[in-house]
Every structure is written in structure tokens, then in C-alpha cells.
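Q: have a look; sequence and predicted model below, questions after that.
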Amino acid sequence: MTDTNTRPPRKPAAFRLDDSKVQLSGDHAENPSAGHALVTEEVLDEEAPRLPRSASTPKSGSSFGKWLLVGLSGLVSLSIGLAVDSLIRDLFSRTDWLGWLGVALAATAVAGLIGLTARELAGVLRLKRIDDLRERLQAAADTDDAQKAQESLKDLLAIYQDRPETALGRKTLSGHMREIIDGKDLVMLAERDLLQSLDQEARKIVMNSAKRVSIVTAVSPRALVDLLMVLFENVRIIRRLSTLYGGRPGTLGFIRLAKHVLAHLAVTGGMAAGDSLASQVLGHGVAARLSARLGEGVINGILTARIGIAAIAVCRPAPFIATKGPSVSDFMGELLSSAEAETESKNGKTSS
């Protein structure tokens, strides 16, 4: 028996959407007549489950690079060890006291290497501890969680327990923690009582470095001197701010911290500061009051201040909740005043 609903297959055909033979599923029957086309709408489920994250995560590269690094490191270590062993044997062949002196110096070098490695690891762990503490305090303030704020502030007090300049702030904050206070208010009190003096010192560090960069790059006749000065001051700012807030990074810790500062600048748009900074400076009428060279110095100083602001945000163990934190405008006025004073002193020398 033949099914009456069975139709022979249709040949492919092309239709325009405005053709009268095109039928919409909502207005016509579901089975189009001969020579007609049926257009159906597919409704996508907006709440459809997403694919797992692994589907869009790039796979890690091959481990051949790691093998190469491990192999080269092992060969270098073996070559150094064999060279030291050969040297000590030669010293013993000459005389015993030279051999024992070589052994003592080698032991001293090994002890120094172990101590250096331990210090670098401790510095990295301190920076990681500060990053984790800042995130926990931010979460406690966002959720107004008093218990989480209490636990996080205990870790904050432990960071500064050996800092005599924070004794009054630690005592005041400990008294607040014994009271029933909301989580966000506790974090704000920590900013006011414990971190305020450190924040003021951090602003002075950034301001002084920005002034030095501004003056040196304004009077320096060579671009290389400007570059070295800016590099030196930026490294100095990051190290001093990290030490001020309790980080005390070693070499590896400093590299990690510098990467965080650059990442923070990239996220906040600080690296694309050329045109905006120029417009800000010109908006203050600097072009009419300063020479072109001093104007360049002011811009370099503002760029240094931006890096300092990013370093404060990265090195500070707590987020800015009660205040917005430092901004470029906080440093601009003093930089301009310093540049104008430099201009007036030069004009006075010229007239005399």
C-alpha cells in the first residue's frame, strides 16, 4: 500500500525572498504546494548551555622547550661543578692549604647560592601573599562580610607587626576589630588608621621621582641620559613602594612585580598616554609659560607618576575603598609649579 503523504523528491531551486512563491511558516501551511518554498524561523535558546572552557582554551605547547631548558641547565651546572672540582684538585696537587682554601671558598659559594635562592623564593611568596590579601579584602568589602574582613585584616596586621611606624595604627585597628562592625566599614577603617600614613609616604616617593625625572630630562642634552634616568627612577619607584607596603621583593620578585605594573597600566590605558597627556599639559597653559624642553620634562614626569600610581595599586595590600586612590591630577599641579619655578630661575639668570 502506497503512503499518500509521500512525495517524490523535489529538485533544487532558487527563490528571492520577495517572491510570491515564498511562504512563511507562521502565515501558511507547513507543507508548501508544488513550486513554492517554505521559510521557517529557528528560535535559538538564549539559555542554552555553553561549551566547556577547554573547547576554547589553547592547548599548551609541546614540552620540547622545557626539555631543552632542563638539558642546558644541567649541562651548565655539570660544567661548573667539574671546573670547580678540577680547580680544587689542582690546588691540592700544589699544596694542601691551597686545596682546603679552595674547598672553603666553594662551600661559601654554595651557602651563598642557597641563601640567595631562599631569599628570592621568600620575596615571591610575600608578593603572592599581598596579592591574595588584596583580593580577599576586596571581596569582603564587596559582600560586606564581617567575618572574612576580620580574617583578612589579621593577615594585614601580621604583615606590619615588625614595623614600629605602624604601631599606633595597628593598635587602633585591633580595637575596631573587637567591635561589631560591618565588613566594608572594617576595610575602610583599616585604610584610614593603618594605611593612611603609608599612602602619604607613597605619594611623596612618586612625587619626588616624578620631579627628578622632569628636571633631569628638561636640562639633559642627550636622549640617552633621559632614557637611563627614566628607567632608573621607574625601577626605584617600584622597589621602594614594594618595600614600603611590605613586599620587599628580590630579583625574581621584582620582575614579577614589574610585569604586574605593566599589566595594570595596560588595563587602565596608561600606556596610551601620549596624546591625552599632551592635551592635559597644554590645557593648563604650559605652552605659553614653559619652554619646549621644560614641557617635555613635565610630560616625562607625568608618565613617571602614572607608573608610580600603577605601582601603588599593585603593591598595596588592600584595595582603595574609602578613597579613589592617587591620580595624575594629584601630581600635575606640583610638577607644573616646579617647572615654572625652574623657568623663572633661568629667566632671572639670563636677565642678570
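A: Here it is on my side, so go on.
Q: for the stretch 1-150 of the chain, which spans come out with low pLDDT?
A: Scanning the stretch 1-150 of the chain with the threshold set as pLDDT under 70 gives 1-62.
Q: quick one, strands of it?
A: Remark: strands assigned in the stretch 1-150 of the chain by DSSP state E, counting those that start in this stretch are 22-24, 37-39.
Q: do the same with the stretch 151-300 of the chain
A: Read by DSSP E, counting those that start in this stretch, the stretch 151-300 of the chain holds no strands at all.
Q: as CSV, could you dump the C-alpha coordinates of stretch 197-206?
A: Presented in CSV, the C-alpha positions along stretch 197-206 are these (Å, rounded to 0.1, in the frame of the first residue of the first chain):
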residue,chain,number,x,y,z
SER,A,197,50.5,57.1,56.7
LEU,A,198,51.9,54.6,54.2
ASP,A,199,49.8,56.1,51.4
GLN,A,200,51.1,59.6,52.2
GLU,A,201,54.7,58.3,52.1
ALA,A,202,54.0,56.5,48.8
ARG,A,203,52.7,59.8,47.2
LYS,A,204,55.8,61.6,48.3
ILE,A,205,58.0,58.8,46.8
VAL,A,206,56.2,59.1,43.5
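Q: tell me which residues of that stretch are tucked away?
A: Within stretch 197-206, the residues that count as buried by 16 or more other CB atoms under 10 Å are Leu198, Asp199, Ala202, Arg203, Ile205, Val206. Bear in mind the C-beta positions are built from the backbone N, C-alpha and C, glycine included.
Q: what mean pLDDT does it get?
A: For stretch 197-206, the mean per-residue pLDDT is 90.
Q: one more: stretch 184-193?
A: Stretch 184-193 comes out with an average pLDDT of 88.
Q: just the element for Lys324, please.
A: Lys324 belongs to no helix or strand when assigned by DSSP states H and E.
Q: can you give me every residue that contacts Val230?
A: Going by CB atoms under 8 Å, 6 or more residues apart in numbering, Val230 touches Val213, Thr217, Asn300, Leu303, Thr304.
Q: does Leu241 touch Ala202 like I think?
A: Yes. Applying CB atoms under 8 Å, one finds Leu241 in contact with Ala202, separated by 5.7 Å.
Q: which one of the buried residues of stretch 197-206 is nearest to Arg248?
A: Comparing the buried residues of stretch 197-206 against Arg248 with CB to CB places Leu198 closest, at 13.9 Å.
Q: mind listing what that closest one touches?
A: Thr166, Leu244, Tyr245.
Q: can you tell me how far the first one sits from Leu113?
A: Translated: Thr166. Distance from Thr166 to Leu113, counting by CB to CB, to the nearest Å: 34 Å.
Q: looking at these two, which is more packed in?
A: Higher neighbour count among Thr166 and Leu113: Thr166, with 20 against 10, using other CB atoms under 10 Å.
Q: I figured that one hits Gln196, correct?
A: No. Counting by CB under 8 Å, Gln196 is not a contact partner of Thr166; they are 10.5 Å apart.
Q: give the rounded mean pLDDT of stretch 220-230.
A: Mean pLDDT, stretch 220-230: 76.
Q: tell me which residues in it are buried?
A: The neighbour-count check on stretch 220-230 (16+ other CB under 10 Å) flags Ser220, Asp226, Met229, Val230 as buried.
Q: what of stretch 248-260?
A: Result for stretch 248-260 [16+ other CB under 10 Å]: buried residues Pro249, Gly250, Gly253, Phe254, Arg256, Leu257, Ala258, His260.
Q: contacting residues around the second one?
A: It refers to Gly250. Contacts of Gly250 (CB under 8 Å, 6+ apart): Leu116, Arg119, Glu120, Ala122, Gly123, Val124.
Q: ok, the third one next?
A: Contacts for Gly253 were tallied using CB under 8 Å, 6+ apart; they are Glu120, Gly123, Val124, Arg126, Leu127, Ser242, Gly247.
Q: so the third one touches Arg256, yeah?
A: Pointing back at Val124 there. Yes. With contact defined as CB under 8 Å, Val124 reaches Arg256; the gap is 6.4 Å.
Q: got any residues that touch both of those two?
A: Counting by CB under 8 Å, 6+ apart, the common neighbours of Val124 and Arg256 are Pro249.
Q: could you list the low-pLDDT ranges of the stretch 151-300 of the chain?
A: Residues of the stretch 151-300 of the chain meeting the criterion pLDDT under 70: 180, 264-295.
Q: identify, from the buried residues of stretch 220-230, the entry nearest to Leu186.
A: Val230 (39.6 Å).
Q: gap between the closest one and Ser209?
A: Per CB to CB, Val230 is found 10 Å from Ser209.
Q: identify the contacts common to these two.
A: Any residue near both Val230 and Ser209 by CB under 8 Å, 6+ apart counts here, and that gives Thr304.
Q: what packs against the longest helix along the chain?
A: Identified as the longest helix of the chain according to DSSP state H is helix 96-143. Based on contacts counted as 3 or more CB pairs under 8 Å, 6 or more residues apart in numbering; DSSP states H and E, the elements that helix 96-143 packs against are helix 64-94, helix 146-159, helix 183-190, helix 251-268.
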